[in-house]
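Asker: Curious how this folds, go ahead:
(chains A and B)
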Amino acid sequence: MLSPVILVPAVLNGLMVGAVYALIALGLTLIYGVLHIINFAHGALLTAAMFAAFFAFTLGGLDPYLAAFVLAPLFFAIGYALQRFIIGPAAHGEDRNFLLVTLGLAIVIENALLYFFRADTRTINLPYAFEVVEIGPAFVAVPRIIAFGALIAVVAALWTVMRWTDTGKAIRAVAKEKLGAELCGIDVAHIYAVTFGLGTACVAVAACLLIPTYYVNPTAGEAFVLIAFTIVVLGGMGSIAGALIGGLCVGVVESLSSIFLGQSLGQIGIFIMFIVVLLARPSGLFGARP
Amino acid sequence: MKAYWPIFVVVALLAIVPFVTTSNVILNFLITTLLIALAGQGWNLLGGYGGQYSFGHAAFFGTAAYATAILQVQYGINAWLGLVAGIFAGALVGAVIGVLCFRSGLRGSYFSLVTLAFAEVLRILSSVTPITGAGLGTLIKLDLRPEAFQFQSRVPFYWIALSFVAVSLLIVRGVENSRFGAYLVAIRENEDAAAALGINTFAVKLVAITVSAAITAAAGCFYAQYFLFVDAAIAYGPWISIDALLAPIVGGPGTLFASLLGAVVIKALGEAAKLLTADAPGLDLVIYGLVLIAVVGLAPRGVLGVLTTLFQRSVRALAQPGPDHG
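Answerer: Okay, the predicted model is just below:
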């Protein structure tokens, strides 16, 4: 049962699935690291991006992987506008209000999608979605390899922005010391919105990677966002490296546990993992912020 | 006694509604509104007064609804005893979640996330375990006798729902006027300072979540008896968690009548949306979401806050009639 013929493909596939998880978690942790808020609308934005990718393909004939180059900037703009004109002003700088406003946004987005597109589950057919590549003893699906490559590209791009651009420096400054950054002349509201936009752009890329092999309906994003919360908590709130490693780990764990436990228990496993992680590691990670 | 007279006035006014109209549509609307007001009043105690924002009050509502239904259907226990058992079951779940969360020092967003996760775990479990009827749900047998907590007419249901709400109002008013209530508000305002002053914040929060869960649990029991059907999506679905937090927040969290007022506002808005759009799924929730954002953004003290400000302004204007007030 534990022969490498089964385990190696499971681990490889887990890593590839984990890449998408990591990408979603990356957006969440980025927003948390700078704004110090938990974005409850993350899953709803993922669903919205999946619908956008779906219609780009069915109506515009745009390949989902190419659509990423259009949707990422578009969702950056949407995220920017949401934070700048709705979330920021409505929250009055209070943690509880951020929670409620993003929860409200999530409800609005999800149900607006339900209203317009109904609860139907939709899928697309890509000619190469089921092609596989042989890696050692394992066969890995092409879309998963693309997802893994995309994760590396996004992380590299994000790292470059953070490290070498003025905006990146400003983001890091705001994350470290908001008041100090403001005193140095950094426009904090703008930086907050940029960060929220970047997080939303990550979600748009993730949606484009998901849509060739996954389905979309008005609640499709929810499942991923709880996984993303788990990863972010696991990897340390606000840590980009944590999200990356955590995402890949959760992907592998899920893949391995579905061999031993079967898929139906997979969903509940993630919730329980989430609760246990939160309850067992309260101090350092969670008690630090009042 | 002076602190309690507004409750008696409001409840007495609501109690005479069935003498004015016996329209099933209106009574049904009022009963569901009272149900949300009751569930929301539980949330209000913990969230409004204690500042602990739970996103998973469905855990208490659902446990109570299932407990009453299962005890009756599978064990043949009397519905009124089932009601008591349901409230205890909900309170127990509240206490367990409270011990786990507050022992670990979870606060703010983390508390919200964990409560949400607990409700979801219960939802998934109840949709697969045989005792809850799994995917089929649990149907309570029709037995239209008062001893079985079932009535031919909606009027007794209405009065019972109203009396539950009245009790919840009395409990919250009692808390407001007690030392315990002062501790709770101190924790909301600044937990570290409260702890530094010697308040046992763990114990206070634990009692608050237990009582809060019991109040919301009563709503769950009532739901089961009124609709005679419970399944995973009804009992533990996000809708009740959202309604329970939306009502007091719209009303004005941390005030006595917040949940009742907020429930009336959101239910009226929801019904209006349904009337306007016939049978469009999701639109009423879109409106709920927009109302939530608008209230948080524009009126953080809720409808009550707005009304109070308007009232004070008009009193001031009457007291000092200036030239521009004509």
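
Asker: which residue does the stretch 101-250 of chain B bring closest to chain A?
Answerer: B:Ser104 (3.9 Å; Cβ to the nearest Cβ). Backbone N, C-alpha and C define where each C-beta goes, glycine included.

Asker: Give the burial count for that residue, as a bare number.
Answerer: A total of 19 residues lie near B:Ser104 under the criterion other Cβ atoms under 10 Å in any protein chain shown.

Asker: ok, now the one 5 residues further on?
Answerer: Other residues lying near B:Ser109 total 22 when counted by other Cβ under 10 Å.

Asker: and the residue lying closest to it once chain neighbours are set aside, which of the three is it?
Answerer: Once flanking residues are discounted, B:Ser109 sits nearest to A:Ile38: 4.3 Å by Cβ to Cβ, 6 or more residues apart in numbering or on different chains. Each residue gets one of three states, and A:Ile38 gets coil by DSSP: H, G, I helix; E, B strand; the rest coil.

Asker: so what pLDDT did A:Ile38 get?
Answerer: Per-residue confidence (pLDDT) for A:Ile38: 81.

Asker: check contacts around it.
Answerer: A:28, A:32, A:98-99, A:102, A:229, B:109, B:112-113 (Cβ atoms under 8 Å, 6 or more residues apart in numbering or on different chains).

Asker: pLDDT weak spots in chain B?
Answerer: Scanning chain B with the threshold set as pLDDT under 70 gives B:278-279, B:321-326.

Asker: which ones are touching residue 103?
Answerer: Assuming you mean chain A. A:40-41, B:55, B:242, B:292 are the contacts of A:Leu103 under Cβ under 8 Å, 6+ apart.

Asker: that's the other chain; I wanted chain B
Answerer: B:Arg103 touches A:279, B:202, counting by Cβ under 8 Å, 6+ apart.

Asker: Tell me which residue of the stretch 1-150 of chain A lies closest to chain B.
Answerer: A:Ala90 (3.0 Å).

Asker: To what extent is the closest residue to that residue other than its chain neighbours buried, counted in neighbours?
Answerer: Spatial nearest neighbour of A:Ala90, excluding adjacent residues (Cβ to Cβ, 6+ apart): B:Gly297 at 3.0 Å. Burial measure for B:Gly297: 19 neighbouring residues, criterion other Cβ under 10 Å.

Asker: Am I right that B:Gly297 falls within a helix?
Answerer: Yes. Under three-state DSSP, B:Gly297 sits within a helix.

Asker: In this structure it contacts A:Val101, no?
Answerer: Yes. Counting by Cβ atoms under 8 Å, B:Gly297 touches A:Val101, with 7.0 Å between them.

Asker: what's the overlap in contacts for these two?
Answerer: With Cβ under 8 Å, 6+ apart as the test, B:Gly297 and A:Val101 both reach A:86, A:90-91.

Asker: Now, the contacts of A:Leu103 that are in strands?
Answerer: Among the contacts of A:Leu103, none falls in strands (DSSP state E).

Asker: Just the buried subset of those residues, please.
Answerer: Among the contacts of A:Leu103, those classed as buried by 16 or more other Cβ atoms under 10 Å in any protein chain shown are A:40-41, B:55, B:242, B:292.

Asker: For the residue in the stretch 151-300 of chain B positioned nearest to chain A, which residues are in contact?
Answerer: Residue nearest to chain A within the stretch 151-300 of chain B (Cβ to the nearest Cβ): B:Gly297, separated by 3.0 Å. Applying Cβ under 8 Å, 6+ apart, we find B:Gly297 in contact with A:86, A:89-92, A:101.

Asker: so which of these is the most crowded?
Answerer: Ranking the contacts of B:Gly297 using other Cβ under 10 Å puts A:Val101 first, with 30 neighbours.
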